[in-house]
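Student: Test case, fold it:
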Amino acid sequence: MSCISEQDVCNGLENHTVSFESNISKDSLPQFQYTPENVPGPGCESHPSEVMLPGCDCHSLSCQQGSCSCLQTHGQAYDSYGHLKDHGQDEMGYCRPVFECNALCGCSEACGNRVVQRGLGLRLSLFHTPVKGWAVRALEPVPQGAFVCEYAGEVIGFEEACQRQRAQRPGDMNYIIAVRERAGDGSVAETFVDPAAMGNVGRFLNHSCQPNLFMVPVRVHSLVPRLALFAGRDITPQEELTFDYSGGYNNSQGEEPSPARGDIGTDAPNRKLCYCGAQSCNGFLPLDLSVISNT
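Tutor: Down below sits the predicted model:
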């Protein structure tokens, strides 16, 4: 872990310093408790750090597809460089989960199936934009498929997510992310993460209708997924990092974006304008009707 620095947003809790512009005072940053990983909140049924998944019996530096039970069961998600092979959505648009080796596995910490659990591997920096508020950029090149950071915070239940959403005032920021995964029996599992009060650098990432990051649920030790953000294309230094808050991924200029799950009309309450500037911009930020309409 890095040492604590006055220019470090994460207070030494990450592998790398998350810096911010030198003309910005740390006191001017939003007040929240930094956590590099998910923490349990109201309605969370499983502890995010509890070891609940079985491990492999490999005793090698790195697991191999033909002999590792983890890779045989869940597939090999990463290539030899530790980059994600695809963007993690099935034909119905639901997230395709990734499973990494965990604390019960016999392989080394250098195993190629351990990526997200190693933590932040890039130098990131916060900066302030004229209309979108805080934003994040990388200080080094990011190759396509590389892990960038988690979207970490409180893992909460559906009822709590609804309550927090309804309590928001028109000018409040909404940080709650809902990730939906389709299980083998056809059911849909939901995970709600809110980094408003407790979160990591991911809470500063802005939405874009043409993002350069995409989100994938990654399970390591627990059944509770880590919401990991990967590069959807090669990203240059100083370029703003963004993802689609609806969970989709569209990086084609001029192409009509696919509608967000739970998205609703522009006359809906609490609808916020989108300032991403993409040619394919929807005009409004995604809004999940299932969360705000539950009474």
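Student: what about this protein, any weak spots by pLDDT?
Tutor: The chain contains residues with pLDDT under 70 at 1-6, 87-95, 250-270, 289-295.
Student: any chance you could map the strands in it?
Tutor: With strands called from DSSP state E, the chain shows them at 18-20, 33-34, 39-40, 98-99, 124-129, 133-138, 147-150, 153-156, 177-182, 188-199, 206-207, 213-219, 226-231, 242-243.
Student: Turn these into TSV, including mean neighbour count and distance to residue 12.
Tutor: All C-beta spots, glycine's among them, are computed from the backbone N, C-alpha and C. Shown next, in TSV, are those (neighbours: other CB atoms under 10 Å; distance: least, CB to CB, whole Å):
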stretch	mean neighbour count	distance to residue 12
strand 18-20	22	10
strand 33-34	16	9
strand 39-40	17	18
strand 98-99	22	28
strand 124-129	17	15
strand 133-138	18	18
strand 147-150	25	16
strand 153-156	25	19
strand 177-182	18	26
strand 188-199	20	16
strand 206-207	19	25
strand 213-219	23	24
strand 226-231	24	21
strand 242-243	24	26
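Student: Just to check, residue 175 is in contact with residue 151?
Tutor: No - with contact defined as CB atoms under 8 Å, residue 175 does not count as touching residue 151 (9.0 Å).
Student: which residues are common contacts for those two?
Tutor: 195, 203 (CB atoms under 8 Å, 6 or more residues apart in numbering).
Student: still on that earlier bit, do you know which of the strands of the chain lies nearest residue 57?
Tutor: strand 98-99 (15.8 Å; CB to CB).
Student: List the pairing partners of the closest one within its sheet, with orientation.
Tutor: Here strand 98-99 is paired, per DSSP bridges, with strand 213-219 (parallel).
Student: how much does the strand it pairs with deviate in direction from strand 177-182?
Tutor: For strand 213-219 against strand 177-182, the angle by axes from the mean of the first three to the mean of the last three CA atoms, to 10 degrees is 60 degrees.
Student: roughly how far is strand 213-219 from the heart of the chain?
Tutor: 6 Å (CA atoms, centre = their mean, to the nearest Å).
Student: Convert it to PDB, retaining C-alpha atoms only.
Tutor: Taking C-alpha atoms only, strand 213-219 is exported to PDB below (Å, rounded to 0.1, in the frame of the first residue of the first chain):
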ATOM      1  CA  LEU A 213     -15.200   1.800 -19.600                       C
ATOM      2  CA  PHE A 214     -17.700  -1.000 -19.000                       C
ATOM      3  CA  MET A 215     -18.800  -2.700 -15.700                       C
ATOM      4  CA  VAL A 216     -18.600  -6.400 -15.000                       C
ATOM      5  CA  PRO A 217     -19.600  -8.200 -11.800                       C
ATOM      6  CA  VAL A 218     -16.500 -10.100 -10.500                       C
ATOM      7  CA  ARG A 219     -16.700 -12.700  -7.700                       C
END
